[in-house]
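>>> got a structure for you, letters missing:
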């Protein structure tokens with residue numbers, strides 16, 4: 001994988017084509033093509049509208065764009081609005097410490113957020129927030145967050161909520177993230193044909209950064225999407241903020257974890273939402289019996 005500054009909200013391009021088709025169909029009022037032979041999901045969700053909330057309180061200009069969603073997704077919509085309010089309050093507190101009232105009115109801070117529904121499976125809808133907060137000094141702080149609603153229960157779930165033993169699950173996701181990120185970075189460094197001393201130093205720095213950013217703690221794995229297209233979920237995509245597991249210039253990073261690595265650890269009430277068949281290697285493949 002080539003690390004770039006552009007975060008890819010739809011990580012597996014070939015499998016996202018049906019989503020784009022379905023979204024286009026929803027926009028023009030036509031029914032999307034039938035999905036796989038599982039319980040049919042609700043119609044796909046339009047990803048964005050031009051709905052904007054603007055405010056000028058506390059020396060802040062706020063622009064937040066939300067997707068238009070069905071009533072059953074009210075918890076997801078509420079989570080989005082709560083995130084905007086929390087970021088507005090946090091930015092206001094920062095500005096109050098930095099600027100007197102007169103200066104706040106003259107050079108207001110700015111909060112800009114875009115919310116999209118990034119993935120939708122039979123049992124989960126996952127939303128992504130991206131944007132920035134600027135105290136008014138021209139050096140905005142990037143913002144990124146995710147929200148995952150379990151449709152049958154209406155609950156907004158964290159990664160730990162999905163597993164029987166959250167501590168063990170975080171350790172498993174930490175190990176897999178490190179394995180994948182080490183391999184990607186090492187391949188990238190080796191391809192640069194660096195002098196041995198520089199290669200060793202940069203490899204060591206990379207390991208330190210990845211290790212710190214993937215410590216098995218809930219806050220390091222707070223951003224994730226339930227991965228899939230209309231049918232059952234086939235994995236979880238972890239999202240790491242800029243600077244968490246790579247230098248800021250490389251932008252946000254993501255690691256796609258297939259269901260086969262965690263299917264046995266999922267709580268019973270969520271287990272049927274994941275495609276257990278995708279966790280079984282096909283006959284004759286490595287790992288099959």
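Okay, I see it. If you're wondering where the values come from, they're calculated on a predicted model, not measured in any experiment.
>>> right, and residue 259 touches residue 233 too?
Yes - if you go by C-beta atoms under 8 Å, residue 259 and residue 233 touch, sitting 6.8 Å apart. Using the backbone N, CA and C atoms, a C-beta is placed for each residue, glycine as well.
>>> now the phi/psi pair for the residue lying closest to residue 267 once chain neighbours are set aside, please.
Excluding the flanking residues, the one nearest residue 267 by C-beta to C-beta, 6 or more residues apart in numbering is residue 164, at 5.5 Å. When read as degrees, to the nearest 10, the backbone of residue 164 gives phi -60, psi -40.
>>> same thing with the one 5 residues further on?
Per-residue torsions, residue 169: phi -60, psi -40 (degrees, to the nearest 10).
>>> about what we covered before: neighbours of the residue nearest to residue 267, just the number please.
Close neighbours of residue 164, defined as other C-beta atoms under 10 Å, add up to 12.
>>> again with residue 139
As a burial measure, residue 139 scores 8 neighbours (other C-beta under 10 Å).
>>> how far does the helix or strand hosting residue 131 sit from its chain's centre?
Residue 131 belongs to strand 124-134 when assigned by DSSP states H and E. Taking the mean of its C-alpha atoms, strand 124-134 sits 8 Å from the chain's own mean (C-alpha atoms, centre = their mean, to the nearest Å).
>>> for residue 142, what are phi and psi?
According to degrees, to the nearest 10, residue 142 has phi -70, psi 140.
>>> go ahead and confirm it touches residue 134.
No - with contact defined as C-beta under 8 Å, residue 142 does not count as touching residue 134 (10.4 Å).
>>> give me the more crowded residue out of residue 259 and residue 233.
residue 233 (23 against 20).
>>> which ones are touching the more buried one?
121, 123-124, 226-227, 259, 273-275 (C-beta atoms under 8 Å, 6 or more residues apart in numbering).
>>> so which residues of this structure form helices?
In the chain, the segments counted as helices under DSSP state H are 13-28, 74-98, 101-106, 166-190, 196-213, 268-271.
>>> of these, which shows the lowest average pLDDT?
When the helices of the chain are ranked by mean pLDDT, helix 13-28 comes last with a mean of 40.
>>> and the residue nearest in space to the middle of the chain, bridged to which residues?
Nearest to the geometric centre of the chain sits residue 224, at 4.2 Å (C-alpha atoms, centre = their mean). Counting by DSSP bridges, residue 224 is bridged to residue 238.
>>> report pLDDT for it.
For residue 224, the pLDDT comes out at 98.
>>> go on, the one 3 residues further on?
Reported pLDDT at residue 227 in the predicted model: 94.
>>> how deep is it tucked in, by neighbour count?
Applying other C-beta under 10 Å, I find that residue 227 has 25 neighbouring residues.
>>> dump the residue contacts of the closest residue in space to it that isn't next to it in sequence.
The shortest distance from residue 227 to any non-neighbouring residue, by C-beta to C-beta, 6+ apart, is to residue 235 (4.2 Å). With contact taken as C-beta under 8 Å, 6+ apart, residue 235 is in contact with 227-228, 256-259, 278.
>>> which of those residues ranks first by neighbour count?
Compared across those, residue 228 has the highest neighbour count, 27 neighbours, by other C-beta under 10 Å.
>>> how about that residue, what does it touch?
Contact analysis of residue 228 by C-beta under 8 Å, 6+ apart lists 119-121, 124, 234-235, 275.
>>> how far away is the nearest residue to residue 254 once chain neighbours are set aside from residue 154?
Once flanking residues are discounted, residue 254 sits nearest to residue 239: 5.1 Å by C-beta to C-beta, 6+ apart. Using C-beta to C-beta, to the nearest Å, one gets 23 Å for the distance from residue 239 to residue 154.
>>> who has more neighbours, those two?
residue 239 (23 against 12).
>>> any figure for the gap between that one and residue 193?
On the measure of C-beta to C-beta, residue 239 and residue 193 end up 31 Å apart.
>>> go on, residue 98?
Distance from residue 98 to residue 193, by C-beta to C-beta: 46 Å.
>>> tell me which of these two has more neighbours.
A side-by-side neighbour count of residue 98 and residue 193, using other C-beta under 10 Å, places residue 98 first with 14 against 7.
>>> out of everything not next to it in sequence, what's closest to that one?
residue 135 (5.9 Å).
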